[in-house]
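Asker: okay, predicted coordinates and the sequence, questions at the end:
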Amino acid sequence: MATKTETFLESFLKKDLPDIRAGDTIKVYQKIKDTPKKDKSSTGREDKERTQIFEGLVIARKHGKGITSTITVRKVILGIGVEKIFPIHSPTIEKIEIIKRARARRAKLYYLREAKGKRARLKKREFAKAIREEEAPEEVKKDEKTEPEPESKLETESESEK
């Protein structure tokens, strides 16, 4: 039975989030408020919003699937490692795109902080192929299997001669 707080917090959860795991390379689109520089000509303060993209490797996902769930994303800029912790259900996050998937044998990839060279690489997983299979309708898959293509030109020539 759901408590009042659980039902209240359920309305704030995002429904369109992809399945994010450790080892995924993702793009996080985050809304940032820009405050204008002090000018003599502009008297009023106009707050503008812009979208900032942070692309990196997910090294950890914490706190389950609730409102408090977070992901830690790491990228290397000019030889310096930068990590950001994003609350997944935050209203400042516009969307999250998964770019690549890698096979990770651990839930937390903190060892990548010190890893250099070959040790810092993860094995890739077929990600685009899995998406294409899910998107293709079942009718198209059935049509492809009904008519097999001939294996060689000799078979087609011998059949046409008969």
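Answerer: Thanks, I have the structure now.

Asker: what are the ranges of the helices in the protein?
Answerer: Using DSSP state H, the helices of the chain run over 4-10, 128-135, 138-146, 153-161.

Asker: hmm, who's touching the longest strand along the chain?
Answerer: As assigned by DSSP state E, the longest strand anywhere in the chain is strand 48-62. Residues outside strand 48-62 that contact it (Cβ atoms under 8 Å, 6 or more residues apart in numbering): 20-34, 36, 69-75, 82-84, 86, 94, 99, 102, 107-110, 112-113, 122. Heads up, the C-betas are built off the backbone N, CA and C, glycines and all.

Asker: show the buried residues in these.
Answerer: Neighbour-count burial (16 or more other Cβ atoms under 10 Å) is assigned, among the contacts of strand 48-62, to 20-26, 28, 30, 69, 71-74, 86, 102, 109, 112, 122.

Asker: what's opposite Lys48 in the beta bridge?
Answerer: Assessed by DSSP bridges, Lys48 has beta-bridge partners Asp34.

Asker: confidence score at it?
Answerer: Looking at Lys48, its pLDDT is 88.

Asker: same deal with Leu57?
Answerer: Reported pLDDT for Leu57: 95.

Asker: that one: how many residues sit nearby?
Answerer: For Leu57, the tally of surrounding residues (other Cβ atoms under 10 Å) stands at 23.
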